[in-house]
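Visitor: Here is a sequence together with a model predicted from it:
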Amino acid sequence: MNFEESLKKLEDIVRQLEEGELTLEQSLDFFQQGIMLSKICSKMLDEAEQKVNILIRDKNGGISEQPFQSNQEEAADGF
């Protein structure tokens, strides 16, 4: 299952849980599936983020490539 399919399935589960028409057992099962899908989507996003590089222009006008750092990583680095 790719990211979009996982996210769509997660959205469907959330919608069904919000409708409140499921039994307790169904709700717990859907909740567990939702947690699993959430972890899968989060992992896919983390992996995609690690693949992203940014292009930066240096003071001489040249362009160099650097790994992307999210705001969370920058905060952990003290920036």
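Guide: Arrived safely.

Visitor: does residue 17 really touch residue 29, like I thought?
Guide: No - using Cβ atoms under 8 Å, residue 17 is not in contact with residue 29, being 10.6 Å away. Heads up, the C-betas are built off the backbone N, CA and C, glycines and all.

Visitor: what's the following helix or strand after the helix or strand containing residue 5?
Guide: Taking DSSP states H and E as the criterion, residue 5 maps to helix 3-19. Of the helices and strands lying after helix 3-19 in sequence (DSSP H and E), the nearest is helix 24-51.

Visitor: Relative to the helix or strand following that next one, what are the paired strands and their orientations?
Guide: Per DSSP H and E, the first helix or strand lying C-terminal to helix 24-51 is strand 53-57. Strand 53-57 sits in its sheet next to strand 63-67 (antiparallel), going by DSSP bridges.

Visitor: between the strand it pairs with and helix 24-51, how many degrees?
Guide: Relative orientation of strand 63-67 with respect to helix 24-51: 150 degrees, computed using axes from the mean of the first three to the mean of the last three Cα atoms, to 10 degrees.

Visitor: could you dump strand 63-67 to CSV, C-alpha only?
Guide: Extracted C-alpha coordinates of strand 63-67, given in CSV (Å, rounded to 0.1, in the frame of the first residue of the first chain):
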residue,chain,number,x,y,z
ILE,A,63,24.6,26.5,-6.3
SER,A,64,25.3,23.7,-3.8
GLU,A,65,23.1,20.9,-2.5
GLN,A,66,22.4,20.3,1.2
PRO,A,67,20.2,17.8,3.0
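
Visitor: ok, residue 13 - contacts?
Guide: Going by Cβ atoms under 8 Å, 6 or more residues apart in numbering, residue 13 touches 30, 33-34, 37.

Visitor: List only buried entries from those residues.
Guide: With burial judged by 16 or more other Cβ atoms under 10 Å, the buried subset of those is 30, 34, 37.

Visitor: Pipe those into JSON lines and attach pLDDT and distance to residue 9 per row.
Guide: Output for the buried ones among the contacts of residue 13, formatted as JSON lines (pLDDT from 0 to 100; distance: Cβ to Cβ, whole Å):
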{"residue": "30", "pLDDT": "97", "distance to residue 9": "10"}
{"residue": "34", "pLDDT": "97", "distance to residue 9": "9"}
{"residue": "37", "pLDDT": "97", "distance to residue 9": "6"}
